[in-house]
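Undergrad: Return atomic coordinates for the entry below.
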Amino acid sequence: MGNAPSSTPAENIGDAASSASTSDVTTSTPTSDGAGVTPAPTTTGGGGTADATTADATAADATNAHDTTPALGTQPHPDELDLVFIVDCTGSMGSYIHAAQTNIRRIMEKIVAFEKTNARFGLVAYRDHPPQDRTYVTRTFDFTSSRKTMQSNVDWMSAAGGGDGPEAVTAGLKAAIDMDWRKEATKVVILIADAPPHGLGERGDGFPNGDPDGHDPLDLARTMLRRGITCYPVGCEPALGHYSFARDFMCTLARITEGQAVTLSSAELLADVIIGGAQEEVALEKIMDEITNEVEEEQTAAQMRGEALDEAELCTRVTQKLASRGTRTRQMKHDSKMESPHADLMTGQATLGAWRKAAPATAEGPDLAGSLHCLDDDCGGEALDLCAASSFSSAPPSRRRSMSPKKKKKASRAGLFSSAPPPMSSAPPPMMKSAGGAAMKQGATSMGATSVTVEEDLISPEQVMRCMKKSAARRR
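TA: Just a heads-up that it's a prediction; the model follows:
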């Protein structure tokens, strides 16, 4: 292992920048150039060149050569944190990208201040595979401790392009897994997206069999679990709910990796979700060994009594013992609700191919995607391609074409277009009429978070269960 990155404020360390061109078919691997500069972002796919690139030049990053995360491993030094943002950079994501750009320094400062965490931050931006999008598939910015460098990295992102609805989520996950994670750090991925990966069974998917590079997101999620990488999917509403199985996928990703899925109806609380998720994971890693020891003691005692304990009962007993000692942890608390009726079924499948065979048929009739409103003011008309105001689109949303001023005016008169999404609420969802006249429920029971807090409380059964599953997976 190399030395841990310096905690010296980045602004006092100088940053360097370099530029790199992109290739249609090749991927560059970040290496040290020996001069204290980490080469600019790794790029896959597309046919363009980078608009701007950045390099991390902190003294620690210049001299360290961290081990890649093994498939099996423990994390005995949870005061180290490696956190990666995976961000959908297609046309509808403007407000969320802007929120990240505005708040990244505050996010880093709050996370680092929490028990003086030695933190590094990375970024994977993704769009889609050609021919759906020809700019790029993924762009990777390697880990840095520098606030200045990370600000430059997130400022590089812009919302544009896209394609058929589903995007290159799987490629983004793969790029994040392949980053240079520290073996002993708490490892967290924040996925920020408003569309599902290819291959879920959504109508109009340009790659119905999944990622064209052959990667499977369910398999990648299990790889993340084995390597101790926890995923916090952030579902950006209302677009996410326009798909049949997107919410199920986000919840499945959280369940497999033992993270938490959160749905937001606006970008205002994005920073709070990132900070809360990171602080909770650091806190849980600190007591992982204690929980593992308690599990082993309970199992041994039960065996001596000839008693068979199922996982739920074992979790209950361990939670009670920890609570009796006053064990407290940081906990991210929020009031969001993400309806995912098929997440249990999806979680039980080994691959997306198996999921497609087991998945329920999608409802007949047109999609509501893109037919109600644009997602944000900053998308420049690229967020969703609204159909004629008099009917709903019968195809998934296109996120590349902009709406003509004439069509926008027509939609506005019909009351179907607004510059911001309507707030999600817990009230009964309205019934919408499809083009065929059938009643359709809009929004179901999902609700975007209106409050996200981090509180210290007695350890919860849910936290104990997550730690139990993480520990078991790392020992396989």
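Undergrad: what about stretch 119-139, how long is it end to end?
TA: 21 Å (CA to CA, to the nearest Å).
Undergrad: can you pull out the strands in this protein?
TA: Along the chain, counting by DSSP state E, strands occupy 42-44, 80-88, 118-126, 138-144, 186-193, 229-236, 262-264, 328-334, 431-433, 439-441, 452-458.
Undergrad: In terms of mean pLDDT, which of these ranks lowest?
TA: The weakest mean pLDDT among those belongs to strand 431-433, with a mean of 29.
Undergrad: With Glu311 as the reference, name the closest of the strands of the chain.
TA: The minimum distance between Glu311 and those falls on strand 229-236, with 19.0 Å, by CB to CB. For the C-beta atoms, the positions are set from N, CA and C on the backbone; glycine is no exception.
Undergrad: Out of the helices and strands in this structure, which is least certain?
TA: strand 431-433 (a mean of 29; mean pLDDT, DSSP states H and E).
Undergrad: so how far is Lys110 from the nearest residue to Arg330 once chain neighbours are set aside?
TA: Closest residue to Arg330 apart from its sequence neighbours, by CB to CB, 6 or more residues apart in numbering: Ala283 at 3.9 Å. Per CB to CB, to the nearest Å, Ala283 is found 14 Å from Lys110.
Undergrad: Give me the more crowded residue out of the two.
TA: Between Ala283 and Lys110, Ala283 has the larger neighbour count (other CB atoms under 10 Å), namely 22 against 19.
Undergrad: The more buried one reaches Thr329, doesn't it?
TA: Yes: at 4.7 Å, Ala283 counts as touching Thr329 under the criterion of CB atoms under 8 Å.
Undergrad: Per-residue pLDDT of Pro429, please?
TA: Note on Pro429: pLDDT of 34.
Undergrad: returning to what we had before: separation between the residue nearest to Arg330 and Glu290?
TA: 12 Å.
Undergrad: Also Pro166?
TA: On the measure of CB to CB, Pro166 and Glu290 end up 42 Å apart.
Undergrad: Next: Glu258.
TA: Distance of Glu258 to Glu290, given as CB to CB: 17 Å.
Undergrad: So the two - more neighbours on which side?
TA: Neighbour count, other CB under 10 Å: between Glu258 and Glu290, Glu258 has more, with 23 against 15.
Undergrad: quick one: Cys467 and Leu284 touch, right?
TA: Yes: counting by CB under 8 Å, Cys467 does reach Leu284; the two are 5.8 Å apart.
Undergrad: Mind listing the shared neighbours of those two?
TA: By the contact definition CB atoms under 8 Å, 6 or more residues apart in numbering, Cys467 and Leu284 are jointly contacted by no residue.
Undergrad: where does the protein dip in pLDDT?
TA: Within the chain, the stretches with pLDDT under 70 are 1-42, 46-78, 163-164, 363-444.
Undergrad: Around Ile177, count how many other residues there are.
TA: Residues near Ile177, counting by other CB under 10 Å: 20.
Undergrad: Touching, it and Leu225? I think so.
TA: No: taking CB under 8 Å as the definition, Ile177 is not a contact partner of Leu225, at 11.2 Å.
Undergrad: I'm done for today, thanks for sticking with me.
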